[in-house]
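1. Have a look at this fold, sequence not included:
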C-alpha cells in the first residue's frame with residue numbers, strides 16, 4: 001500500500017487477485033534514473049565525460065569507436 005500511495009506502482013483487481021505493476025509515468029522514470037545515477041561514482045562519470053569529449057574531437061582512445069569521416073565509404077554511397 002505504501003508503494004501505491006507513493007505513486008510507484010499501479011494495481012488492478014481481477015476477481016480475487018490483485019495485479020501490481022510498476023508505474024510507467026514520467027515521474028517514476030525520473031525517480032528511477034536519479035536513483036541509479038546516485039550510485040555511480042563521480043570518478044566514473046568524469047572518466048566517461050573525458051572519453052566522450054575525446055571521441056567528439058576525433059581523438060582515438062581505448063574503448064572509443066573511431067568516427068568514420070567519409071560517409072560515402074561507410075554507407076555504400078561511393079557513386
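-> Arrived safely, thanks for sending. Model, not experiment: these values are computed from the prediction. Numbering: from 1, shown residues only.
2. what's the span of stretch 34-46 from first residue to last?
-> 17 Å (Cα to Cα, to the nearest Å).
3. just stretch 20-28 next, same as before
-> The straight-line separation of the ends of stretch 20-28 (Cα to Cα) is 15 Å.
4. Mind checking the pLDDT average for it?
-> Averaging pLDDT along stretch 20-28 yields 77.
5. same thing with stretch 57-68?
-> 65.
6. residue nearest the centroid of this structure?
-> The chain has residue 33 as the residue nearest its centroid, 7.7 Å off, counting by Cα atoms, centre = their mean.
7. any idea how far residue 46 is from that one?
-> Noted for residue 33: a distance of 19 Å to residue 46, by Cβ to Cβ, to the nearest Å. From N, CA and C alone the C-beta is placed, and that goes for glycine too.
8. quick one: the helices in the chain?
-> Taking DSSP state H, the helices of the chain run over residues 2-5, 26-39, 42-56, 71-74.
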